[in-house]
Every structure is written in structure tokens, then in C-alpha cells.
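Chemist: I'd like to go over a predicted model; first the sequence, then the structure.
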Amino acid sequence: MNTPPLPPREQAEKLAIGALVWLAAQPDLLPEFLTNTGASVDNLRLAAARPEFLGAVLDFILAEDARVVAYCDQAGVPYAEPMRARAVLPGGDLPHWT
């Protein structure tokens, strides 16, 4: 089976920024995300410029299937795209031991 190539980094960052925008509009998820990352509402815009932070956005969404489905359905992207984008951002190429 042929797996499609990973997206270019710019495309992965664009997807992650879209995921952050979606996340910021989720009042039930945003506080948990901020707590997990140590970010604040005031510095989200600055943090979004850092690829490492964008990786954390995708990590948070990928932590629960319901988040992946909700984001992808809203964004109109395939369910595998956040994981593929995460693989391109810093830290995404680390082995998963679970």
C-alpha cells in the first residue's frame, strides 16, 4: 500500500493554525488547552508563530478522537491530516512508545 507523502511544512503549519483558530472558538476545550500548554489567551497570537507551539496544538487535538473528528468535520479535511501535519512539525518525528 502506498502512503501519500507528508505535507510540506508550510501546509502543516497552516493546518495547525486553523486548528488553533478552531480550538480558540471552543469554550469547553480552550481552558484545558491553555492549562496543558502554559499559554495564555493574551499570548496565543505570538505563540502561533512558533512551530513547536503549533505541534502542541495538534498534540492536544490528537489526544482524543472526538477532537479530531470535530475539528476535521468543521475544517473539511480528512481525519488523518492532523496526524500527518504533526509528523512534519518539530517533535513530530519522535517515536511513540504507546
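Modeler: On my side now, so go ahead. Numbers count the residues shown, from 1 in each chain.

Chemist: For the helix or strand bottoming out on mean pLDDT in the chain, output the C-alpha coordinates as PDB.
Modeler: When the helices and strands of the chain are compared on mean pLDDT, DSSP states H and E, helix 44-47 comes out lowest with a mean of 90. Listed in PDB are the C-alpha atoms of helix 44-47, where the atom choice follows Å, rounded to 0.1, in the frame of the first residue of the first chain:
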ATOM      1  CA  LEU A  44      -1.800  32.900  21.700                       C
ATOM      2  CA  ARG A  45      -1.000  35.100  18.600                       C
ATOM      3  CA  LEU A  46       2.700  35.200  19.500                       C
ATOM      4  CA  ALA A  47       2.800  31.600  20.300                       C
END
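
Chemist: Can you list the neighbours in contact with it?
Modeler: The list of residues contacting helix 44-47 from outside it, by Cβ atoms under 8 Å, 6 or more residues apart in numbering, reads Leu20, Ala24, Thr37, Ala39, Phe53. For every residue, glycine as well, the C-beta is placed using N, CA and C.

Chemist: buried subset of the residues you listed?
Modeler: When the contacts of helix 44-47 are checked for burial by 16 or more other Cβ atoms under 10 Å, the buried set is Leu20, Ala24, Ala39, Phe53.

Chemist: Out of the residues you listed, which two are the most distant from each other?
Modeler: By the measure Cβ to Cβ, Ala24 and Phe53 form the most distant pair in the buried ones among the contacts of helix 44-47, at 13.1 Å.
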